[in-house]
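Q: all I have is the shape, not the residue letters:
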Ligand code: SF4
C-alpha cells in the first residue's frame, strides 16, 4: 500500500496529518505530503486518513 496525495485535489485542511502524522505532513506549500510512503502498515491510520479527506485526495494503491 503506497499512499499518495494528489496536489490538484488537496485543499490543505490538515486533517490527514492530524489523523496520521507518521505518514502525512503539511508542507510549506500548504499541501499535505507523504513523509513515509512505506509507513502505512506500521502506522495503521492511512485508511482513516484517506476516508476522512474531504476531497478524496489521498490514494492508497
Ligand atoms: S485531508 Fe485531504 S485535503 Fe486535507 S490536507 Fe490531507 S490530503 Fe489535503
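A: Great, that's in hand. Just so you know, these numbers come straight off a predicted model, no measurement behind them.

Q: where do the strands sit along this structure?
A: Along the chain, counting by DSSP state E, strands occupy 3-5, 24-26, 32-34, 58-60.

Q: what residues are up against residue 19?
A: With contact taken as Cβ atoms under 8 Å, 6 or more residues apart in numbering, residue 19 is in contact with 45, 48, 49, 52. Bear in mind the C-beta positions are built from the backbone N, C-alpha and C, glycine included.

Q: in the chain, where is pLDDT below threshold?
A: Along the chain, the model assigns pLDDT under 70 to no residue.

Q: residues of it that sit close to the ligand?
A: 5, 10-16, 32, 53-55, 57-58 (Cβ under 6 Å from any ligand atom).

Q: so what's the residue count around the residue lying closest to residue 20 once chain neighbours are set aside?
A: In space, and not counting its chain neighbours, residue 20 is closest to residue 45: 3.7 Å by Cβ to Cβ, 6 or more residues apart in numbering. Counted with other Cβ atoms under 10 Å, residues neighbouring residue 45 total 18.

Q: check the gap between residue 45 and residue 28 for me.
A: 23 Å (Cβ to Cβ, to the nearest Å).

Q: for the contacts of residue 19, pick the one with the most neighbours.
A: residue 49 (24 neighbours).
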